[in-house]
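> Sequence plus predicted model, see below.
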Amino acid sequence: MNFYIGLLAAVLVASLIIILTASFKSKHFFKSLFLSAFSGLGGLFAVHVLSWFTPLSLPVNLFTACVSAAGGIPGVIALLITAVTV
C-alpha cells in the first residue's frame, strides 16, 4: 500500500512540475495556472456529482480541493486512484 501511495505522490509532484513548466513557458502564466486550477476543481465537482450514480466518490473538503486545484486533472485522477486502492 505505501508503495502505491508513494508512487502516486511522485506522479502528482511530476505533474505539478509539468504544469508549472508549461505555465512559465506560456505567454500568459497566470491565465494558464488558473485554467489548470479551475479544471481540477471542475473535475472534483464532476466526480462528486457523478458519485450519486457510480460507486466512486471523493469527499469535497479542504484537502481534496487543494490537491485538485494544485494538480489539476492529474490531481483528481491521483485522488481517485488513492481512494480506490485504500
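Now that the structure is in, tell me what you want to look at.

> Point to the residue nearest the middle of this protein.
Central residue of the chain (CA atoms, centre = their mean): residue 75, 1.7 Å from the mean position.

> quick one: secondary structure of that one?
helix (DSSP: H, G, I helix; E, B strand; the rest coil).

> ok now do it, which residues does it touch?
Taking CB atoms under 8 Å, 6 or more residues apart in numbering, we find residue 75 in contact with 12, 15, 40, 67, 68, 69. The C-beta positions use only the backbone N, C-alpha and C, and glycine is treated the same way.

> Next, the contact list for the third one, please.
When the contact criterion is CB under 8 Å, 6+ apart, the partners of residue 40 are 68, 69, 70, 71, 72, 73, 75, 76.

> Also the fourth one?
By CB under 8 Å, 6+ apart, the contact list for residue 67 reads 12, 75, 76, 78, 79.
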